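Could you look at this predicted model? Sequence included:
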Amino acid sequence: MTESSSQSNPPAPPDPPPSPLLEAMRILSHITTAIALMLVSGGIGYGLDLWLGWTFFSLLGFAGGGFLGVRHLIQQTSD
């Protein structure tokens, strides 16, 4: 048995905390993505309404987009 196999490596030191600006940018990107989900879903619904002449898909798009946006924020912040 060699000496190197009997020795264990010391634990790695913990990583330093990220800078506050980096953390703020990470949170901002999550919020921006959630807003984009809401607006794109509503925009698709609005386009369908213009194309079909109805008023149902805009409401459905914005409601579904709101649900997807909130769901995205909950998933990303539940680390």
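Okay, I see it.

So in the chain, which helix runs the longest?
For the chain, the longest helix by residue count, based on DSSP state H, is helix 20-52.

quick one: contacts for Gly65?
37-42 (Cβ atoms under 8 Å, 6 or more residues apart in numbering). (Each C-beta comes from the backbone N, C-alpha and C, glycine too.)

so where does it fall, helix or strand?
Assigned by DSSP states H and E, Gly65 belongs to helix 56-77.

For that helix, what is the distance to the chain centroid?
Relative to the chain's own centre, helix 56-77 is displaced by 12 Å; criterion: Cα atoms, centre = their mean, to the nearest Å.

If you count neighbours, what's buried in that helix?
57-58, 61-62, 64-65, 69, 72-73 (16 or more other Cβ atoms under 10 Å).

remind me which residues of this structure are low pLDDT?
In the predicted model, the chain carries pLDDT under 70 at residues 1-6, 79.

returning to what we had before: which of the buried residues of helix 56-77 sits closest to Pro16?
Leu73 (26.8 Å; Cβ to Cβ).

and the gap between that closest one and Gly61?
18 Å (Cβ to Cβ, to the nearest Å).

go on, Asp15?
41 Å.

ok, now Ile27?
On the measure of Cβ to Cβ, Ile27 and Gly61 end up 26 Å apart.

coming back round to it: buried among the contacts of Gly65? Make that a ChimeraX selection.
Selection command for ChimeraX covering only the buried members of those, criterion 16+ other Cβ under 10 Å:
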select :37,38,41,42
